[in-house]
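J.: below is the sequence, then the predicted model.
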Number of protein chains: 2
Amino acid sequence: MLKKERHDFIMRQINLHNRVLTSDLVQLLNVSEDTIRRDLQELVDDGLLFKVHGGALSKSYHSSFDDSTVYARDSKIIIAKKAVNLIKDGMVVLTGGGTTILEFIKQLPQNIEATFFTISPLVAVELAKYNNIEVILIGGLFSKNSQVTYGGQVITQLSELKADLCLMGTSAIHPEEGLTDTYWEINQLKKAMLAAAKKTAVLCISEKLDIALRLRVCHIESISYLITELDDNHESLTGYLAKEINIL
Amino acid sequence: MLKKERHDFIMRQINLHNRVLTSDLVQLLNVSEDTIRRDLQELVDDGLLFKVHGGALSKSYHSSFDDSTVYARDSKIIIAKKAVNLIKDGMVVLTGGGTTILEFIKQLPQNIEATFFTISPLVAVELAKYNNIEVILIGGLFSKNSQVTYGGQVITQLSELKADLCLMGTSAIHPEEGLTDTYWEINQLKKAMLAAAKKTAVLCISEKLDIALRLRVCHIESISYLITELDDNHESLTGYLAKEINIL
DNA sequence: CGTGTTTTTGCGTTTTATTGCAATTATATA
DNA sequence: TATATAATTGCAATAAAACGCAAAAACACG
């Protein structure tokens, strides 16, 4: 591969993710670290990016502290990083939508090889940045509130799927009441998602623990992993530890 | 082999692969490195490619990441505003993806009442901002390049749909060759979209006029409206005016 | 034809560019 | 602070490019 092509490749990565890791580039481009470092330095000299320890960031990076409440973002990153450990090469994964899931996608290693089904357009777009991930967007009615597809057609398609793992966010979880929701449509959707995967991981920031809403999706035992930003021996989690569920 | 033949050979390689290696050319053309270098230099002087250490790259390849979309934005807004006039309350509309279509969505009147089918997640998200638009996202394999869903599942779903109007962007349109595309999958997709709507409007900035690519989607007569940023009596459009097609 | 001129090409040499390695220094993270 | 990870630096091997030169081929034209 020509140097210019490497540079273009790096810039494409930068434009997509706003960041690159030196180690990822070494793998993806199959050259030594030194070469990558020199490449990055040249791109810095051209004013196209800036280098940091471990990789490089896009010039527009600083302005990309765009979305959502900053304070919750740290927690979501912690959760996302834990969730990434569940993903192995070759897996078929089903995901819902929401900012936590989106953060999880962003934390995936660059060269991971997997198949992802999702009901969230934004997740699909984010997944498309990974070269070795096959992305299937499950289509149907599009919910203005949840920003995911839902309805009969989605549930039909989910019923034909068997994924290795389902990852979903939640608005409420409770040791006795299980996973609950407010809207019937979303409730149905989550039930279908649970049924479509061998195992399910629920990503949930601690402020949503011990809350029960009107409609039950499932009992707590139906969930394989509960992932929060807390240590797994934190007192808030004792109620969940008692059940057959892995706390991460 | 004559010099001119070598040059043509090199340009064919460039057009095919966007790149050539000096060493490959030496082997393929059976001449010395010096000759190849001189050839490449002459092609550079003619502005047909540009040289890099180890070979040469095509001109178009060069611009692959520096996002030309910025300057064209004004044109796209003009196109989008024209396209909005085609939409009436109660319509069932099918749209593709791309920046021009996205701009069109943004230009829709806030209280419009319609049903939109789309293969583009980004379009779906944008449409969700309108309270009275029902959004159906057509699901399937997600294309990393085009950022739309495609493949057999999408085409099946499209075959069950009959929309009033289909709106699509295009990468090339030509008065004789019609609508053309480079990738087979996208070609199939566009054919299915055309078939799924009573009328079709093509949104197309003028720089894409009079270009023909490898695969034909349809003849120019199959299109109901051609929307560009130019006045409808602009000289570039005379070739299209001759056909049975509305220029907006 | 023949002769002088121009173009094209390949060879040897020098110069420059690219890349990986090893040793050292700096930086992060538990 | 200790340990792992990343960056820097100088160096050497390799690959590519540039340059001058000369042989060969093509061309121009009386």
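T.: Received the coordinates, thanks.

J.: list the beta-bridge partners for A:His174.
T.: Note on A:His174: beta-bridge partners A:Gly178, judged by DSSP bridges.

J.: separation between it and A:Asn233?
T.: A:His174 sits at a distance of 20 Å from A:Asn233 (criterion: Cβ to Cβ, to the nearest Å). From N, CA and C alone the C-beta is placed, and that goes for glycine too.

J.: which of these two has more neighbours?
T.: It is A:His174, of A:His174 and A:Asn233, that has more neighbours when counted by other Cβ atoms under 10 Å in any protein chain shown, with 18 against 9.

J.: ok, the more buried one - contacts?
T.: Counting by Cβ atoms under 8 Å, 6 or more residues apart in numbering or on different chains, A:His174 touches A:180, A:209-212, A:220.

J.: how about A:Leu161?
T.: By Cβ under 8 Å, 6+ apart, the contact set of A:Leu161 is A:94, A:117, A:196-197.

J.: please apply the same query to A:Thr238.
T.: Counted by Cβ under 8 Å, 6+ apart, A:Thr238 has zero contacts.

J.: domain assignment for chain A?
T.: A:3-64, A:70-247 (automatic domain parsing).

J.: okay if I get the ones you listed as JSON lines plus mean pLDDT?
T.: Formatted as JSON lines, these follow (pLDDT from 0 to 100):
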{"stretch": "domain A:3-64", "mean pLDDT": "85"}
{"stretch": "domain A:70-247", "mean pLDDT": "89"}
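
J.: is the closest residue to A:Asp232 other than its chain neighbours in a bridge, and if so with what?
T.: Once flanking residues are discounted, A:Asp232 sits nearest to A:Ile247: 4.5 Å by Cβ to Cβ, 6 or more residues apart in numbering or on different chains. Beta-bridge pairing for A:Ile247 (DSSP bridges): A:Leu226.

J.: which residue does chain A have closest to chain B?
T.: A:Gly139 (2.3 Å; Cβ to the nearest Cβ).

J.: from DNA strand D, how far out is that residue?
T.: As judged by Cβ to the nearest atom of the strand, to the nearest Å, A:Gly139 and DNA strand D stand 39 Å apart.

J.: and what of A:Arg6?
T.: 14 Å.

J.: shouldn't that residue be within a helix?
T.: Yes: using DSSP: H, G, I helix; E, B strand; the rest coil, the assignment for A:Arg6 is a helix.

J.: can you give me the neighbour number for it?
T.: When neighbours are defined as other Cβ under 10 Å, A:Arg6 has 19 of them.

J.: my guess is it contacts A:Val31. True?
T.: Yes: if you go by Cβ atoms under 8 Å, A:Arg6 and A:Val31 touch, sitting 7.3 Å apart.

J.: which bits of chain A sit near DNA strand D?
T.: Applying Cβ under 7 Å from any atom of the strand, we find that chain A lies next to DNA strand D at A:22-23, A:33-34, A:37, A:41, A:51-55.

J.: any idea how far whatever residue of chain A ends up closest to DNA strand D lies from A:Gly47?
T.: Closest contact between chain A and DNA strand D, by Cβ to the nearest atom of the strand, is at A:Thr22 (4.0 Å). Plainly put, A:Thr22 is 19 Å away from A:Gly47 if you go by Cβ to Cβ.

J.: between these two, point out the one with more neighbours.
T.: A:Thr22 (17 against 8).

J.: give me every residue that touches that one.
T.: A:33, A:36-37, A:40, A:54-56.

J.: need these in CSV with distance to A:Tyr240, neighbour count and secondary structure, can you?
T.: CSV is the format used below for these (distance: Cβ to Cβ, whole Å; neighbours: other Cβ atoms under 10 Å in any protein chain shown; DSSP: H, G, I helix; E, B strand; the rest coil):
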residue, distance to A:Tyr240, neighbour count, secondary structure
A:Glu33, 43, 11, helix
A:Ile36, 43, 24, helix
A:Arg37, 45, 15, helix
A:Leu40, 44, 23, helix
A:Gly54, 35, 10, coil
A:Gly55, 36, 18, strand
A:Ala56, 40, 26, strand
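
J.: in strands, which of the contacts of A:His174 fall?
T.: A:Thr180 (DSSP state E).

J.: residues of chain A that sit close to DNA strand C?
T.: A:3, A:6, A:31-32, A:34-35, A:38-39, A:53.

J.: narrow these to those that are buried.
T.: Buried residues within the residues of chain A next to DNA strand C, defined by neighbour count using 16 or more other Cβ atoms under 10 Å in any protein chain shown: A:6, A:31, A:39.

J.: from these, pick the one nearest DNA strand C.
T.: A:Val31 (3.9 Å).

J.: so which of the residues of chain A next to DNA strand C also contact chain B?
T.: A:Lys3 (Cβ under 8 Å from any Cβ of the partner chain).

J.: in helices, which of the residues of chain A next to DNA strand C appear?
T.: Counted as lying in helices by DSSP state H, out of the residues of chain A next to DNA strand C, are A:3, A:6, A:34-35, A:38-39.

J.: which residue, other than its chain neighbours, is closest to A:Arg19?
T.: A:Arg19's closest residue in space is A:Leu57 (Cβ to Cβ, 6+ apart), at 5.0 Å.

J.: neighbours around A:Leu29, how many?
T.: 16.

J.: what sits against it?
T.: Listed by Cβ under 8 Å, 6+ apart, the contact set of A:Leu29 reads A:1, A:6, A:9, A:35-36.

J.: with respect to DNA strand C, which of those is nearest?
T.: A:Thr35 (3.4 Å).

J.: looking at the domains of chain A, which is buried most?
T.: domain A:70-247 (a mean of 19; mean count of other Cβ atoms under 10 Å in any protein chain shown).

J.: and it, how far out from the chain's middle?
T.: How far domain A:70-247 lies from its chain's middle: 8 Å, per Cα atoms, centre = their mean, to the nearest Å.

J.: what residues does chain A have near chain B?
T.: Counting by Cβ under 8 Å from any Cβ, the residues of chain A near chain B are A:2-5, A:8, A:11-12, A:15, A:121-122, A:124-125, A:127-129, A:131, A:134-144, A:147, A:149, A:154, A:157.

J.: circling back to that earlier point, could you check how far the residue nearest to the residue of chain A closest to chain B when sequence neighbours are not counted is from A:Leu28?
T.: Among residues not flanking A:Gly139 along the chain, B:Gly139 sits closest, at 2.3 Å (Cβ to Cβ, 6+ apart). Distance, B:Gly139 to A:Leu28, by Cβ to Cβ: 29 Å.

J.: before we move on, back to that, tell me the one of the contacts of A:Leu29 nearest B:Asp74?
T.: A:Phe9 (30.8 Å; Cβ to Cβ).

J.: contacts for stretch A:134-142 next, please.
T.: Counting by Cβ under 8 Å, 6+ apart, A:114-119, A:121, A:124, A:127-128, A:148-154, A:157-158, B:121, B:124, B:127-128, B:134-142, B:144, B:149, B:154, B:157 sit against stretch A:134-142.

J.: dump the residue contacts of A:Gln41.
T.: Counted by Cβ under 8 Å, 6+ apart, A:Gln41 has contacts A:Lys51.

J.: helix or strand: which one has it?
T.: Remark: A:Gln41 resides in helix A:33-45, with elements defined by DSSP states H and E.

J.: can you pull out the helices in chain A?
T.: With DSSP H, the ranges of helices along chain A come out as A:3-17, A:22-29, A:33-45, A:70-84, A:99-106, A:121-127, A:152-159, A:184-195, A:238-241.
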